[in-house]
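S.K.: need the 3D shape of this:
(one chain, ligands or ions: 1)
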Amino acid sequence: MTIQFPKDFLWGTATAAHQVEGNNNHSDWWDWEKIPGKIKHGDVSGIACDHWGRFDEDLALMKALGANTYRLSVEWAKIEPKQGVWDEAAIAHYAEVVRKLLASGIEPMITLHHFTSPRWWADKGYWAWEGTAAAFGGYAKLVFERIAPNVRIFTTVNEPLVHLGAGYIMGIMPPEKKGFEHLQAPLLGMLRAHAAAYRALHECASAHGKKIEVGMAHHLRIFDPKHTWNPVDQLVSKIMDAAFNTSVPNALETGRIRVKVPGLLTIDEDIPGLANTQDYFGLNYYSRDLVTLGWKDGSLQPLPTVKKGALVNDLGWELYPEGFLRVLRRVAKHYPGKPIYVTENGLADAVDSRRANFIESHVSAMETAIGEGVPVKAYCHWSLLDNFEWIEGFEPRFGLVEIDYATLARKPRPSFQVYRDLIGRHRNDR
Ligand code: IFM
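M.R.: Just a heads-up that it's a prediction; the model follows:
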């Protein structure tokens, strides 16, 4: 099916500060990643892709791609390296980045928190610290006023449950807490901080006579039962789906966070000021898990597995474009009328043998959804550049553009041209 994409549809790419910029030396990750055994091959982010120093070169790549949006994160640890101390050079840098993007007809989408945190705030207890909502709200205000007064789309937190799940349940990212019992305090704190940032951004925008949209970027996965005939697997996949996919987005609508994983976790709290704090649905979609129940760390737990024989990416994640269509339909049904921005979608593919097809099949799923009336308004491919993939280090290659980490030279992959041609066919705003 070929349909007309909406005239104002945004086509582009996404990155995150720590993964590409380099020198994030006031952040929690800067210290943590240096502890032996934390990151594959002992990689450390270091200079990363030097996106900080080579932004003009990367902007030229975005222009060559024909993009009209770029989702980036600004780094709280660089902007406020010590509590209450704002770094003027960092602020000026980001303000310049925003100015250059706008001048190039590329609409910036700004994320405030993408996994990494200022060291001073980490030391106070991250999201669970009682001063967090005020601190995060103040940071949001600063970002709007000094960096992004002409930006329309803001994301407060990237993938809340991936970030908290890895840091507080699985213990594989800072602050390395392991066990479901650790989740409640940071999750509630994060939701309060989101509400504070949502308010701060909107208050600043109205004071400037601007209309903005604020939300989160939710990582939604398909959880199907491993054995479709097995009622236990059916139940477990439903539990995973409710906890991981719907608990936080629902909370931003209703003001009440409810997470239930029987025997492991029950959270049910009202958060004042949280209701109606997502103006759009930010969607990161990658893959599906086939879920079953099994023993892990001494307890019976939902276990994700990958379909036998499935086409996978270099990290072993199933490539499943049908899931993208399912997720888009579902978001449209559950949050009627809300614009959907695909804030991330991509794959690790070092030899670039699956990326072109991945992009085409996922855009085609989006086309089908739009044809059915699903209000998708943006697609950001993850990622513009190869980058530092957290505990996997630099090995996975998510970039449309290959980075030679010895020289930092950029080389567009063949799939870059495929995406460029696709944008050329579908962009309607010029
Ligand atoms: O690299 C990450 C990104 O930081 C968050 N979303 C998923 C990507 C690929 O794993």
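S.K.: what's the local residue count around L311?
M.R.: Each residue near L311 was counted by other CB atoms under 10 Å, and the total is 11. Just so you know, the C-beta spots here come from the backbone N, C-alpha and C atoms, and that holds for glycine as well.
S.K.: please renumber so the chain begins at 44
M.R.: New numbering, starting at 44: the last item is L354.
S.K.: how close does the nearest residue to it once chain neighbours are set aside get to L336?
M.R.: Leaving aside its sequence neighbours, L354 sits nearest to L362 (CB to CB, 6 or more residues apart in numbering; 4.8 Å). Using CB to CB, to the nearest Å, L362 is found at 26 Å from L336.
S.K.: surely E387 and A260 touch.
M.R.: Yes. Assessed by CB atoms under 8 Å, E387 is found in contact with A260 at 6.7 Å.
S.K.: shared neighbours, those two?
M.R.: L326, N327 (CB atoms under 8 Å, 6 or more residues apart in numbering).
S.K.: so A177 sits in a helix?
M.R.: Yes. Counting by DSSP: H, G, I helix; E, B strand; the rest coil, A177 is part of a helix.
S.K.: tell me the contacts of the spatially closest residue to it that is not a sequence neighbour?
M.R.: Leaving aside its sequence neighbours, A177 sits nearest to A239 (CB to CB, 6+ apart; 6.8 Å). Shown in contact with A239 (CB under 8 Å, 6+ apart): A176, A177, F179, G180, A183, G316.
S.K.: now those in CSV, with neighbour count?
M.R.: Below are the contacts of A239 laid out as CSV (neighbours: other CB atoms under 10 Å):
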residue, neighbour count
A176, 22
A177, 14
F179, 26
G180, 21
A183, 29
G316, 15
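S.K.: can you list contacts of stretch 375-384?
M.R.: Residues contacting stretch 375-384 (CB under 8 Å, 6+ apart): 53, 152, 196, 256, 258, 289, 292-293, 296, 321-326, 371, 374, 412, 416-421, 423.
S.K.: which among the residues you listed count as buried?
M.R.: By neighbour count, with 16 or more other CB atoms under 10 Å, the contacts of stretch 375-384 hold 53, 152, 196, 256, 258, 289, 292-293, 296, 321-326, 371, 374, 412, 417-421, 423 as buried.
S.K.: who does the residue most central in space within the chain bridge with?
M.R.: Closest residue to the average C-alpha location of the chain: N201 at 4.1 Å, with CA atoms, centre = their mean. Judged by DSSP bridges, the bridge partners of N201 are A260.
S.K.: counting by contacts, list what the helix or strand containing I413 packs against.
M.R.: Here I413 sits within helix 398-414, counting by DSSP states H and E. Packed against helix 398-414 by the contact rule (3 or more CB pairs under 8 Å, 6 or more residues apart in numbering; DSSP states H and E) you find helix 364-377, strand 419-425, helix 457-469.
S.K.: so H261 touches N293, yeah?
M.R.: No. Counting by CB under 8 Å, H261 stays clear of N293, with 10.5 Å between them.
S.K.: endpoints of stretch 75-84, how far apart?
M.R.: One end of stretch 75-84 sits 15 Å from the other (CA to CA, to the nearest Å).
S.K.: give me the buried positions along it.
M.R.: W75, E76, K81, I82.
S.K.: which of these fall within strands?
M.R.: Among the buried residues of stretch 75-84, none falls in strands (DSSP state E).
S.K.: would you format those as TSV with distance to A228 included?
M.R.: What follows is these, written out as TSV (distance: CB to CB, whole Å):
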residue	distance to A228
W75	20
E76	24
K81	23
I82	27
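S.K.: mind exporting the C-alpha coordinates of the worst-scoring helix or strand of the chain on mean pLDDT to PDB?
M.R.: The weakest-scoring helix or strand in the chain, judged by mean pLDDT, DSSP states H and E, is strand 342-348 (a mean of 90). Output of strand 342-348 as PDB, limited to C-alpha atoms (Å, rounded to 0.1, in the frame of the first residue of the first chain):
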ATOM      1  CA  SER A 342      12.800 -17.500  42.200                       C
ATOM      2  CA  LEU A 343      10.200 -18.300  39.500                       C
ATOM      3  CA  GLN A 344      10.200 -15.400  37.100                       C
ATOM      4  CA  PRO A 345       9.000 -14.400  33.600                       C
ATOM      5  CA  LEU A 346      11.700 -15.300  31.200                       C
ATOM      6  CA  PRO A 347      12.100 -13.700  27.700                       C
ATOM      7  CA  THR A 348      13.200 -15.900  24.800                       C
END
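S.K.: check which residues of that strand are buried.
M.R.: So for strand 342-348, counting by 16+ other CB under 10 Å, buried means P345, L346.
S.K.: state the pLDDT value of M44.
M.R.: pLDDT for M44: 59.
S.K.: to S147, which of the helices and strands packed on helix 398-414 lies closest?
M.R.: Closest to S147 of these, according to CB to CB: helix 457-469, at 14.6 Å.
S.K.: tell me how many other residues surround the residue nearest to L354.
M.R.: 19.
S.K.: mind listing what it touches?
M.R.: Per CB under 8 Å, 6+ apart, neighbours of L362: S330, A353, L354, V355, N356, L390, R397, F401.
S.K.: next, the second one: secondary structure please.
M.R.: Three-state assignment for A353 (three-state DSSP): coil.
S.K.: so who does it touch?
M.R.: Counted by CB under 8 Å, 6+ apart, A353 has contacts E361, L362, Y363.
S.K.: the first one now?
M.R.: S330 sits next to R264, I265, N356, W360, E361, L362, Y363, G366 when contact means CB under 8 Å, 6+ apart.
S.K.: what about L333, helix or strand, and which?
M.R.: Under the criterion of DSSP H and E, L333 resides in strand 324-339.
S.K.: swap in L185?
M.R.: Element membership of L185, judged by DSSP H and E, is helix 175-185.
S.K.: packing partners of that helix?
M.R.: So helix 175-185, by 3+ CB pairs under 8 Å, 6+ apart, packs with helix 119-122, strand 150-156, helix 162-167, strand 196-201, helix 227-250.
S.K.: dump these to JSON lines, plus mean pLDDT and distance to P274.
M.R.: JSON lines is the format used below for the helices and strands packed on helix 175-185 (pLDDT from 0 to 100; distance: least, CB to CB, whole Å):
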{"stretch": "helix 119-122", "mean pLDDT": "99", "distance to P274": "45"}
{"stretch": "strand 150-156", "mean pLDDT": "99", "distance to P274": "39"}
{"stretch": "helix 162-167", "mean pLDDT": "98", "distance to P274": "43"}
{"stretch": "strand 196-201", "mean pLDDT": "99", "distance to P274": "35"}
{"stretch": "helix 227-250", "mean pLDDT": "98", "distance to P274": "29"}
